[in-house]
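S.K.: Here is a sequence together with a model predicted from it:
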Amino acid sequence: MDVRDPVADLRRIAFLLERAHESTYRVRAFRTAAAALRAEVGRGKDLATLDLKKVKGVGEVTARCVEESLAGEVPVYLRRLEATEGVEIGQEAADLRAALRGDCHSHTDQSDGGSPLWEMVETAITLGHEYLVITDHSPRLTVANGLSPERLRAQLEQIASLNEGLTGFRVLTGIEVDILDDGALDQDEELLSQLDVVVASVHSKLRMPHAEMTERMLTAIANPHVDVLGHCTGRMVTGKRSRPESEFDAKAVFAACAEYGTAVEINSRPERLDPPKRLLRLAVEAGCEFTIDTDAHAPGQLDWLDNGCTRAALCGVPADRVRNTRAAESLLT
């Protein structure tokens, strides 16, 4: 009989569900069960002799998966997911994806992500990344549980401690900082200066008039702490949150990004796919550099880089102008 790890199988199912953008409650069922069983193993319990019905967090479907895994079989639920996962991407996009060495935009459960830091890092390592930038939200975005200066400092300590135990992989410090109405940044300047990567994004007053939005973005781009302009139009193209692009002078904004060395993010979230292809081509013409990021809020979403690479290839983004094709050291501020 083949030996399988039921916890690993449950986490793999959750990963594939997240990557497919399935409902949160379904993902949570498998992650909760995996965490519960991991805790039981940590207490010295043998999963093969455990009464799964008595383990809090393990339901009928997850218990069946565990039983199949313990029997040396690939759980049926996992087989179905793996049989339908992914689509092939073009060669240029595949080459670009292979060149990426890390992800510059990700969230943990310390803001509005669904999983703890260690789980995001563990998944990034499994995907073959060399680094992951943690960019939880800034204070004003209360709906996303944005990090106060005190909470951000605590996270920096946590990341430093985690890095001490890692070999061949590095967790980089960062933030997705809100661009305020006047273009100022929603975090202490002293703290921003300590971070490896600062992604600046507009999350409020997205329908601001064209001229005001342009000035707002130009002010942020000129800030020396800003490394990346996140999801620049703020659009949502699918789902209940569908919304149009913000209006601004794209030529002026991309010219400023090129002048100040601020990368334009190619956001890989399926509901964002930002910037639109016409603007992405404009940014290429302006001489901008880029990052291709997942904006992941869960481990499975860290595997969304194909989306960004496909769009980058279609729009002629040169690999040598994508910053996360480079080693971690080149990203440090």
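M.R.: Noted; the coordinates are in hand. Since the structure is predicted, the reported quantities are computational estimates derived from the model, not experimental observations.
S.K.: going forward, measure contacts and count neighbours with C-alpha atoms only.
M.R.: Noted.
S.K.: residues touching the closest residue to V202 other than its chain neighbours, list them.
M.R.: Nearest non-adjacent residue to V202, counting by CA to CA, 6 or more residues apart in numbering: I179, 5.1 Å away. Taking CA atoms under 8 Å, 6 or more residues apart in numbering as the criterion, I179 is in contact with 185-186, 200-203, 216-217, 220.
S.K.: what's the closest of those to L331?
M.R.: A200 (15.3 Å; CA to CA).
S.K.: Identify the residue spatially nearest to T294, adjacent ones excluded.
M.R.: S268 (4.8 Å).
S.K.: ah, wrong one, I meant S148
M.R.: P139 (5.0 Å).
S.K.: isn't the one you found right up against N145?
M.R.: Yes - with contact defined as CA atoms under 8 Å, P139 reaches N145; the gap is 7.3 Å.
S.K.: Compare those two (neighbour count), which wins?
M.R.: Shown here are P139 and N145; by other CA atoms under 10 Å, P139 has more neighbours (20 against 17).
S.K.: any idea which element that one lies in?
M.R.: Assigned by DSSP states H and E, P139 belongs to no helix or strand.
S.K.: Check the gap between it and A222 for me.
M.R.: 21 Å (CA to CA, to the nearest Å).
S.K.: what are the bridge partners for the residue nearest to V202, then?
M.R.: L185 (DSSP bridges).
S.K.: Distance-wise, check it relative to A313.
M.R.: 29 Å.
S.K.: need the contact list for the residue nearest to T294.
M.R.: 274, 292-295, 304-308.
S.K.: related to what we said a few turns ago, ok, the contacts of I179 vs F254, which is closest?
M.R.: For those, the residue nearest F254 by CA to CA is M217; the value is 10.1 Å.
S.K.: State the helix or strand in which the closest one lies.
M.R.: Per DSSP H and E: helix 210-222 holds M217.
S.K.: So what touches that helix?
M.R.: With CA under 8 Å, 6+ apart as the criterion, helix 210-222 contacts 179-185, 200, 226, 229, 246-249, 252-253, 256-257, 260, 262.
S.K.: Quick one: buried ones out of these?
M.R.: 179-181, 183-185, 200, 226, 229, 246-248, 253, 256-257, 260, 262 (16 or more other CA atoms under 10 Å).
S.K.: which residues of the stretch 51-200 of the chain fall in helices?
M.R.: Along the stretch 51-200 of the chain, the stretches classed as helices by DSSP state H, counting those that start in this stretch are 60-70, 76-83, 91-99, 117-126, 149-164, 189-192.
S.K.: Redo those as CSV? Include mean pLDDT.
M.R.: Compiled in CSV, these are given as follows (pLDDT from 0 to 100):
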stretch, mean pLDDT
helix 60-70, 94
helix 76-83, 89
helix 91-99, 95
helix 117-126, 97
helix 149-164, 98
helix 189-192, 96
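S.K.: Include mean neighbour count and distance to T32 when you put the ones you listed into CSV, please.
M.R.: Converted to CSV, the helices of the stretch 51-200 of the chain look like this (neighbours: other CA atoms under 10 Å; distance: least, CA to CA, whole Å):
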stretch, mean neighbour count, distance to T32
helix 60-70, 19, 10
helix 76-83, 13, 16
helix 91-99, 17, 31
helix 117-126, 18, 13
helix 149-164, 15, 23
helix 189-192, 14, 34
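S.K.: mind putting those helices in JSON lines, distance to R28 included?
M.R.: Shown next, in JSON lines, are the helices of the stretch 51-200 of the chain (distance: least, CA to CA, whole Å):
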{"stretch": "helix 60-70", "distance to R28": "11"}
{"stretch": "helix 76-83", "distance to R28": "15"}
{"stretch": "helix 91-99", "distance to R28": "28"}
{"stretch": "helix 117-126", "distance to R28": "14"}
{"stretch": "helix 149-164", "distance to R28": "24"}
{"stretch": "helix 189-192", "distance to R28": "33"}
